[in-house]
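A.B. asks: Predicted coordinates and the sequence they were generated for:
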Amino acid sequence: MGKKFHDAGISGIVPTGLPGGVFIYENNDIENVLYAGPNVLEMYGCENMGEFIELTGGTFKGMVHPDDYKRIENQIQAQTIFGEKKHDYVRYRIVTKDGIERYVEDFGHLLHRDDGKSYYYVYIVDVDQNEYFNKNRNSFAEAEILSANQETDDLTGLLNMSFFYQRAQMFLGSYESWREDISFIHFDIPNFKLFNERNGFKLGDELLCDLAKAIRETFHIGGICARFSDDHFVVCTTGSRESVVEKVEKVYKTMLLTDDVNKKVRIKAGIYYLDDRRAEIGLACDHARLACNSIKHRHDVNYCIYDEMLRENLRKQQYVIDHIDEAIEQEYIKVFYQPVIRVKTGEICGYEALVRWIDPRMGMLSPGDFINTLEQFHLIHLVDTFVVKRVCKDYVQMRDEGKELVPISINISRLDFELCDIFGVVEETRSEYDVPRDMLDLEITESSLNENEGYIRSSCDKMREMGYHVWIDDFGSGYSSLNTIANYNFDVLKLDMVFLRSYDNNPKTGKIMGYIIKGAKAMGVSPLCEGVETEVHFNFLKEIGCERAQGYYFGKPMPMEESRKFTSEKGLVWEKVE
C-alpha cells in the first residue's frame with residue numbers, strides 16, 4: 001500500500017495518499033514555487049521535487065493548465081491584491097506527468113514578510129477525488145466560509161467576487177433557474193487608470209459608485225451584481241437576449257448622459273449567453289470579460305457578445321501566444337519584401353521588410369492575425385529581433401551573389417523600446433553581418449512617438465548620428481499632429497495608404513497631400529506615399545512632387561527572390577547606391 005506518512009523531520013509527519021496538499025510560491029512576475037508537499041507531488045504524478053520542477057518549470061503558471069491560467073490569475077489578484085481579504089479561492093485544471101487533466105480547487109493566502117517580499121501559501125485539493133467522498137460539495141461550502149467575513153464591496157455595496165460566485169452557483173443549481181435564460185455581463189471603464197490620474201482618486205471612486213448604482217438599478221430584478229476589482233463589474237441576470245442588450249445600453253446611456261461633465265464616460269460591456277448550465281461560473285465570467293476586452297479600443301461599439309466568431313478569434317490568439325517561440329525557432333515566421341520606387345525615375349530605391357507567419361497547422365497568418373496579439377501580450381520584440389537578423393542574412397546573401405543592393409527598411413514597434421534595447425539589437429546584428437548602416441532604414445510608427453517621448457527621441461537622434469535613416473511610418477492613419485514632425489529629426493515621412501484611398505473619392509485629399517509633401521520637403525524630409533494601386537495614383541504623386549512610392553501597383557510583399565523576379569519582368573530596375 002506504500003507509506004501512509006511522510007517524515008518531515010523536525011516538523012513532524014505528513015499523511016500521504018490524500019487528494020490534497022500544500023505548496024508555496026513567490027508573489028512576483030516569475031511566481032517561483034518554493035515548496036510542494038508530498039501530496040502535491042503525488043497529484044501531479046511526480047516522485048520528487050526534481051520531476052515536479054521539470055514538469056512545471058518550477059512556477060505556479062506551469063502548475064496550471066495553460067487555457068486556465070489567465071482566468072485564475074485575474075481572479076487571484078482580484079481576491080488578494082485588490083480585495084479586502086488576502087486569501088483566494090479558485091478552480092482550474094492541472095495536467096499530470098502522464099498527461100491526465102484533473103480539476104482542482106485552490107485555497108490561497110497572501111502573506112507578507114518584514115523585508116517587503118510576499119508569498120502565497122496554498123492548499124490545493126483534487127476535486128475529482130475529494131468530492132467523490134464529500135457529497136456536500138466541499139468547494140462551495142469553503143467559498144461560503146471565505147466570503148462570510150465580508151459579502152459586499154466596501155466602496156460600492158455590490159457583492160464581492162467570491163460571494164458572487166456562491167450566489168450565482170446556488171442560483172444555477174436551483175429549480176427556478178432551469179426555466180430562465182441566463183446571461184453574464186462584464187462592464188469595464190476604458191482607461192480608468194488614466195481617469196484617476198487626471199481627475200484624482202476621489203472623483204474616480206465617485207464614478208465607480210455611480211456605475212454601481214446604474215447597474216444595480218437596471219438589473220434589480222433577476223440580477224446578481226458584483227464588483228470584482230477596480231472598474232470591473234459583473235452581472236448574472238435572467239431574461240431574453242434582447243432584454244439583456246436593452247439593459248446594457250441603458251447602463252451605457254446613464255453613464256454617458258450624467259449631469260456631471262467630469263464623469264461622462266463611455267463604458268464597455270461583454271455579454272455571454274449561458275448555453276451550458278454545468279459550465280464553471282468563473283469560465284462564464286471570463287467569456288464575458290474577454291468579449292468586453294475585445295472592443296476596448298473600438299470607438300464605434302459599446303458592447304460585444306461572446307459568440308463562435310469571437311471564440312475562434314480567441315482560439316487563434318491563444319495559438320499565437322503558445323506557438324510564437326516555435327514559429328521563430330522553426331522559421332515559420334517569414335520576411336517578405338515590398339519594393340519602394342523613386343517617383344522621378346521609376347527605379348527601385350529600397351524595400352520594406354514585412355513579416356508573415358506560414359504555419360504548418362494554421363496556414364498563412366497575416367500580420368493582422370498575430371501582430372496585435374503579440375503587442376498585447378508584450379511578445380512583439382521576439383518577432384522584430386528575428387526580422388532584423390533575417391534581413392541582415394538576406395542582404396549578405398544578395399551581396400555575395402553580386403546582385404544590385406538598395407536599402408531595406410525595418411519596422412520598429414513602440415513596445416520594442418520597453419521590452420528590449422531594439423537599437424542595440426539592430427547595431428549588434430548589423431555589425432555581426434557587416435551590413436552598412438545606410439543600408440538599414442528604421443521605420444517607427446507615428447503614434448508611438450507620443451509614448452516615452454524623450455527616450456525615443458534621443459534614441460532616434462543617436463541612431464541618425466551613427467548613420468541610420470529614421471522614417472516616421474503611418475502618418476495620417478490616426479490622430480496625426482504636425483507637432484510630431486516638428487519635434488523629431490527624421491529622414492523620411494511615410495504617408496499612410498488612407499490618403500490615396502480617400503483621394504479616389506474626395507478631391508480635397510489631394511490638396512492636403514500636396515501641402516504635407518511640400519512641408520516635408522521644406523524641412524529636408526523625403527516624403528513617401530504607400531498604397532499606390534493604380535497608374536492614376538502614381539501620376540498624381542509625380543504631379544505633387546512626392547519623392548518615393550510604395551504599393552501593389554509596383555508589387556505585393558513577396559519573398560525576396562520572387563519580388564526581384566516579379567519587378568524585373570515588369571521592367572523595373574534598381575537604383576545605383578553610391
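C.D. replies: Happy to help now that I have it.
A.B. asks: sec struct for T156, please.
C.D. replies: Recorded secondary structure, T156: coil (DSSP: H, G, I helix; E, B strand; the rest coil).
A.B. asks: Could you check which helix or strand contains the nearest residue to it once chain neighbours are set aside?
C.D. replies: Nearest residue to T156, sequence neighbours excluded (CB to CB, 6 or more residues apart in numbering): A212, at 3.5 Å. (C-beta placed from N, C-alpha, C; glycine too.) Element membership for A212, per DSSP states H and E: helix 201-218.
A.B. asks: How about I512?
C.D. replies: Element membership for I512, per DSSP H and E: helix 507-522.
A.B. asks: Alpha carbons of that helix, in PDB - could you do that?
C.D. replies: Provided in PDB are the C-alpha atoms of helix 507-522 (Å, rounded to 0.1, in the frame of the first residue of the first chain):
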ATOM      1  CA  PRO A 507     -10.600  65.700 -54.300                       C
ATOM      2  CA  LYS A 508      -9.800  67.700 -51.200                       C
ATOM      3  CA  THR A 509      -7.500  64.900 -50.100                       C
ATOM      4  CA  GLY A 510      -5.200  65.600 -53.000                       C
ATOM      5  CA  LYS A 511      -4.700  69.200 -51.800                       C
ATOM      6  CA  ILE A 512      -4.000  68.100 -48.300                       C
ATOM      7  CA  MET A 513      -1.400  65.600 -49.500                       C
ATOM      8  CA  GLY A 514       0.200  68.400 -51.600                       C
ATOM      9  CA  TYR A 515       0.600  70.600 -48.600                       C
ATOM     10  CA  ILE A 516       2.000  67.800 -46.400                       C
ATOM     11  CA  ILE A 517       4.600  66.800 -49.100                       C
ATOM     12  CA  LYS A 518       5.600  70.400 -49.700                       C
ATOM     13  CA  GLY A 519       6.000  71.000 -46.000                       C
ATOM     14  CA  ALA A 520       8.100  67.800 -45.500                       C
ATOM     15  CA  LYS A 521      10.400  68.800 -48.400                       C
ATOM     16  CA  ALA A 522      10.800  72.200 -46.900                       C
END
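A.B. asks: So for this structure, the centremost residue is which one?
C.D. replies: The chain has Q376 as the residue nearest its centroid, 2.2 Å off, counting by CA atoms, centre = their mean.
A.B. asks: what about M309, distance to M49?
C.D. replies: Using CB to CB, to the nearest Å, one gets 44 Å for the distance from M309 to M49.
A.B. asks: Looking at the two, which is more packed in?
C.D. replies: The neighbour count for M309 versus M49, taken as other CB atoms under 10 Å, is higher for M49 (15 against 9).
A.B. asks: Can you tell me how far the more buried one is from L55?
C.D. replies: M49 is 11 Å from L55, by CB to CB.
A.B. asks: before we move on, what about M161?
C.D. replies: 30 Å.
A.B. asks: between those two, which one's more packed in?
C.D. replies: Applying other CB under 10 Å to M161 and L55 shows that M161 carries more neighbours, namely 25 against 18.
A.B. asks: now could you export just the CA positions of stretch 157-167 as PDB?
C.D. replies: Output in PDB follows, covering the C-alpha atoms of stretch 157-167 (Å, rounded to 0.1, in the frame of the first residue of the first chain):
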ATOM      1  CA  GLY A 157     -22.000  48.000  -1.800                       C
ATOM      2  CA  LEU A 158     -22.300  45.400  -4.500                       C
ATOM      3  CA  LEU A 159     -21.300  41.800  -3.900                       C
ATOM      4  CA  ASN A 160     -17.600  40.900  -3.900                       C
ATOM      5  CA  MET A 161     -16.300  38.300  -6.300                       C
ATOM      6  CA  SER A 162     -16.300  35.200  -4.000                       C
ATOM      7  CA  PHE A 163     -19.800  35.800  -2.700                       C
ATOM      8  CA  PHE A 164     -21.000  36.500  -6.300                       C
ATOM      9  CA  TYR A 165     -19.600  33.100  -7.300                       C
ATOM     10  CA  GLN A 166     -21.500  31.400  -4.500                       C
ATOM     11  CA  ARG A 167     -24.800  33.200  -5.200                       C
END
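A.B. asks: Just the buried positions in that stretch, please.
C.D. replies: By neighbour count with 16 or more other CB atoms under 10 Å, stretch 157-167 contains the buried residues 158-167.
A.B. asks: so where do the helices sit in the stretch 201-350 of the chain?
C.D. replies: Ranges of helices in the stretch 201-350 of the chain, per DSSP state H, counting those that start in this stretch, are 201-218, 241-256, 281-293, 308-329.
A.B. asks: Of these, which stretch is the most buried?
C.D. replies: With neighbours taken as mean count of other CB atoms under 10 Å, the helices of the stretch 201-350 of the chain reach their highest mean count in helix 281-293, at a mean of 22.
A.B. asks: List just the nearest of the buried residues of stretch 157-167 to R113.
C.D. replies: Among the buried residues of stretch 157-167, S162 lies closest to R113 (CB to CB), at 25.3 Å.
A.B. asks: measure the closest one to A226 for me?
C.D. replies: Taking CB to CB as the criterion, S162 is separated from A226 by 9 Å.
A.B. asks: quick one: average confidence on stretch 422-438?
C.D. replies: The average of the pLDDT scores along stretch 422-438 is 93.
A.B. asks: Now find how far off-centre that stretch is within its chain.
C.D. replies: Per CA atoms, centre = their mean, to the nearest Å, the displacement of stretch 422-438 from the mean C-alpha position of its chain is 29 Å.
A.B. asks: Report the buried residues of that stretch.
C.D. replies: Buried residues in stretch 422-438, counted by 16+ other CB under 10 Å: 422-423, 425-427, 429-430, 435, 437.
A.B. asks: ok, back up a step: now for the helices of the stretch 201-350 of the chain, which one comes closest to P507?
C.D. replies: Taking these one by one with CB to CB, helix 241-256 is closest: 36.2 Å.
A.B. asks: how far does the closest one sit from the chain's center?
C.D. replies: In this view, helix 241-256 has its centroid 27 Å away from the chain centroid, taken as CA atoms, centre = their mean.
A.B. asks: quick one: average confidence on it?
C.D. replies: On average, helix 241-256 scores 94.
A.B. asks: again, but for stretch 368-384
C.D. replies: The average pLDDT within stretch 368-384 is 89.
A.B. asks: which other residues reach that stretch?
C.D. replies: With contact meaning CB atoms under 8 Å, 6 or more residues apart in numbering, stretch 368-384 is reached by 316-317, 320-321, 324-325, 328, 333, 355, 357, 410-413, 415-416, 418-420, 422.
A.B. asks: quick one: low-confidence ranges for the stretch 151-300 of the chain?
C.D. replies: Confidence mapping of the stretch 151-300 of the chain against pLDDT under 70 gives the ranges 277-278.
A.B. asks: contacting residues for V64?
C.D. replies: 72, 92-94.
A.B. asks: how about 6 Å then?
C.D. replies: By CB atoms under 6 Å, 6 or more residues apart in numbering, the contact set of V64 is Y92.
A.B. asks: how close does it sit to I456?
C.D. replies: V64 sits 36 Å away from I456, going by CB to CB.
A.B. asks: what do you get for M63?
C.D. replies: Using CB to CB, M63 is found at 39 Å from I456.
A.B. asks: what about those two, which has more around it?
C.D. replies: Here M63 and I456 are compared on neighbour count by other CB under 10 Å; more neighbours surround M63, at 27 against 19.
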